[in-house]
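Student: return atomic coordinates for the entry below.
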Amino acid sequence: MNSLPLDQLLREPESKTLEFKRDLSSPKPLLKTLVAFANTAGGRLIIGVADDKTIFGFEQPLDEEERLANMIADSIAPRLVPNIEMVSARGNPVWRTESDSLGRN
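Tutor: Numbering: from 1, shown residues only. Reported below is the predicted structural model:
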């Protein structure tokens with residue numbers, strides 16, 4: 001999957017291959033999105049940005065990265081290994097995950 005710049009992704013609408021999640025407070029929809037991407041053509045998930053493109057970011061980005069990685073490892077089988085990258089959105093740290101089909105990145 002080609003890596004597009006975050007500012008370009010923020011101009012795109014949500015689709016079968018692009019999803020925005022505000023935070024990790026509701027892990028079930030987030031995990032379902034990752035599984036759906038893995039079972040189809042892959043996709044990009046931006047965490048820290050709401051559906052309306054409001055950027056929230058994270059106060060403790062490294063703690064949130066660990067929480068996200070643990071949620072994926074503990075909740076999805078067979079193992080899914082999306083590429084997780086911290087990027088800046090207007091000065092706020094957000095998480096960008098990308099995976100090809102079957103979780104290959």
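Student: what are the ranges of the helices in the protein?
Tutor: Under the criterion DSSP state H, helices of the chain are mapped to 6-9, 27-39, 61-75.
Student: convert the C-alpha atoms of the last one to PDB, please.
Tutor: Backbone C-alpha positions of helix 61-75 (Å, rounded to 0.1, in the frame of the first residue of the first chain) are rendered in PDB as follows:
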ATOM      1  CA  PRO A  61       1.400   9.300  22.800                       C
ATOM      2  CA  LEU A  62       3.900   6.600  23.900                       C
ATOM      3  CA  ASP A  63       1.500   5.200  26.500                       C
ATOM      4  CA  GLU A  64      -1.200   5.200  23.900                       C
ATOM      5  CA  GLU A  65       1.000   3.400  21.400                       C
ATOM      6  CA  GLU A  66       1.700   0.700  23.900                       C
ATOM      7  CA  ARG A  67      -2.000   0.400  24.700                       C
ATOM      8  CA  LEU A  68      -2.900   0.100  21.000                       C
ATOM      9  CA  ALA A  69      -0.200  -2.500  20.300                       C
ATOM     10  CA  ASN A  70      -1.400  -4.600  23.300                       C
ATOM     11  CA  MET A  71      -5.100  -4.300  22.300                       C
ATOM     12  CA  ILE A  72      -4.200  -5.600  18.800                       C
ATOM     13  CA  ALA A  73      -2.000  -8.400  20.200                       C
ATOM     14  CA  ASP A  74      -4.500  -9.500  22.900                       C
ATOM     15  CA  SER A  75      -7.700  -9.300  20.900                       C
END
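Student: and for the closest residue to residue 14 other than its chain neighbours, the neighbour number?
Tutor: Distances taken as C-beta to C-beta, 6 or more residues apart in numbering put residue 20 closest to residue 14, at 6.1 Å, once the chain neighbours are dropped. To be clear about C-beta, it is placed using only N, CA and C from the backbone, and glycine gets the same treatment. Number of residues near residue 20 (other C-beta atoms under 10 Å) recorded here: 23.
Student: help me confirm that residue 20 comes into contact with residue 53.
Tutor: Yes. Residue 20 is in contact with residue 53 according to C-beta atoms under 8 Å; the separation is 7.1 Å.
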